[in-house]
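Using only what follows, build the 3D model:
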Amino acid sequence: MSSGTNTPFTKMLDNVFPRVPPFFRYISEQCDVLLQSCEYLVEYLEGGDTSKGKGLVEADKLAQELKNKHLDILNNAFSTPMDREDVYRSLTVLDVPVSSALITFEEMEGLRVKTDKFCLEMGIILRESAAALKRGYSKLDSDPAAADADAQTARSCRGSIDKVYRRALAELYTVDEDIKKLEAHASGAEVQMLNHIVDMLKRREIYRHLHVASRQMADAADVLHGIVIQLT
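Numbers count the residues shown, from 1 in each chain. The predicted model follows:
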């Protein structure tokens, strides 16, 4: 059977003892795509390299294809290496942050928002969370108990990004200098204030996308933690 030959005898055995699809490997493949998308995002946020957008588009497409393929296998599987619902949740939760990474890029390009230190900091944290998820999910078939530490690391992403997000908004909404110029009737103060407000609205939208992605990473970490509990 290990040779992969498709003889009448092996077909008969497969009918009597259906093979369990390698769902741990499938989940690991989706983790690879998630980590790659976060790496592309960080590279873009480091210097605004728009060529990374192509990688993000391809990663999002691959994530959707893998999810659909693996779900189809799950629907037709006779048995699974862990609870079927846990397999389903894993397969569906890991592609969501990939889409958020792409949306962040598309919004920044569409709104013409340049990267800043806060975007980059949040992007790096997301990448660290994706790496932790990859490590954790890869341990499920050999040492599931050890995967919980990785789940905790991935979940901590949300709290870390919460802090960056609040610092980013605090700096973004600083308008003291603009108000002083308006009060002093400085030349061009009204236009400058208007431009600042528009930039605030655009940039807040980008911060929000990154903040949402952190919640999605935390959701994937929660799924991993739940699987660890089931397997140990």
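
Mind checking what secondary structure the most centrally placed residue in the chain has?
Nearest to the geometric centre of the chain sits Pro97, at 2.8 Å (C-alpha atoms, centre = their mean). Using DSSP: H, G, I helix; E, B strand; the rest coil, the structure places Pro97 in helix.

Of all the residues in stretch 41-48, which ones are buried?
Residues 41-45 are the ones in stretch 41-48 that count as buried (16 or more other C-beta atoms under 10 Å). Quick note: C-beta positions are derived from backbone N, CA and C, even for glycine.

And the next helix or strand past whichever helix or strand Asn68 is part of?
Using DSSP states H and E, Asn68 sits within helix 52-76. Where DSSP H and E defines the elements, the next helix or strand beyond helix 52-76 is helix 84-93.

Relative to the whole chain's centre, how far out is the longest helix along the chain?
If you go by DSSP state H, the chain has its longest helix at helix 189-231. Relative to its parent chain, helix 189-231 has a centroid offset of 11 Å by C-alpha atoms, centre = their mean, to the nearest Å.

likewise stretch 35-53?
Using C-alpha atoms, centre = their mean, the offset of stretch 35-53 from its chain centre is 13 Å.

what do you get for stretch 62-76?
Counting by C-alpha atoms, centre = their mean, stretch 62-76 comes out at 18 Å from the chain centroid.

can you pull the buried residues of it?
By neighbour count on 16+ other C-beta under 10 Å, the buried set for stretch 62-76 is 62-63, 66-67, 70, 73-74.

Those residues: which two are farthest apart?
Greatest spacing in those, by C-beta to C-beta: Leu62 and Leu74 (18.1 Å).

ok, now which ones touch the closest residue to Leu111 other than its chain neighbours?
Excluding the flanking residues, the one nearest Leu111 by C-beta to C-beta, 6 or more residues apart in numbering is Lys202, at 4.5 Å. By C-beta atoms under 8 Å, 6 or more residues apart in numbering, the contact list for Lys202 reads 111-113.

Please apply the same query to Arg155.
Neighbouring residues of Arg155 by C-beta under 8 Å, 6+ apart: 217-218, 221-222, 225.

Now that we have those residues, which of them are buried?
217-218, 221, 225.

Mind checking what secondary structure the residue nearest to Asp199 when sequence neighbours are not counted has?
Leaving aside its sequence neighbours, Asp199 sits nearest to Val113 (C-beta to C-beta, 6+ apart; 7.8 Å). Put simply, Val113 is coil when judged by three-state DSSP.
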